[in-house]
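In: what follows is a predicted protein model with its sequence.
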Amino acid sequence: MLKRISEHAIYYIALLIILSLGFLLAYSSSDRSWQIGVIIAITFFYVLWGIMHHLINHDLHTKIVVEYILIGAFGLTIVFFLLSVNGNY
């Protein structure tokens, strides 16, 4: 398992940087529509990143695509809920 993680470390580091910068960008703004737009863009890039990562490594299956889409939708749901509880969404 550690060998597989070390083989794909650059992918995981890039994903972590993209997600961190995106969330920092959304967090630093007080405009709700900007935050929602950034979070939607982050989710889109997360799903795209996952699909491209598996496509490059030749292990892309329908199940994996559905999994990335569902995890992205779950993340969006959580963020929308938190924004609606915390403000006037």
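Out: That came through fine. On a predicted model such as this, the values are computed, not experimentally measured, just so you know.

In: how is V65 assigned, secondary-structure-wise?
Out: Under the three-state scheme (DSSP: H, G, I helix; E, B strand; the rest coil), V65 adopts helix.

In: kindly report the same for R4.
Out: R4 is classified as helix under three-state DSSP.

In: count of residues packed around it?
Out: The tally of other residues near R4 (other C-beta atoms under 10 Å) stands at 8. Bear in mind the C-beta positions are built from the backbone N, C-alpha and C, glycine included.

In: again, but for F45
Out: Neighbour number of F45 under other C-beta under 10 Å is 15.

In: kindly report the same for the one 5 residues further on.
Out: A count of neighbours around G50, defined by other C-beta under 10 Å, yields 20.

In: from L83, how far out is the residue lying closest to it once chain neighbours are set aside?
Out: Using C-beta to C-beta, 6 or more residues apart in numbering and skipping the chain neighbours, the partner closest in space to G50 is Y68 (4.0 Å). Counting by C-beta to C-beta, to the nearest Å, the gap from Y68 to L83 is 22 Å.

In: A26 now?
Out: Distance from A26 to L83, counting by C-beta to C-beta: 10 Å.
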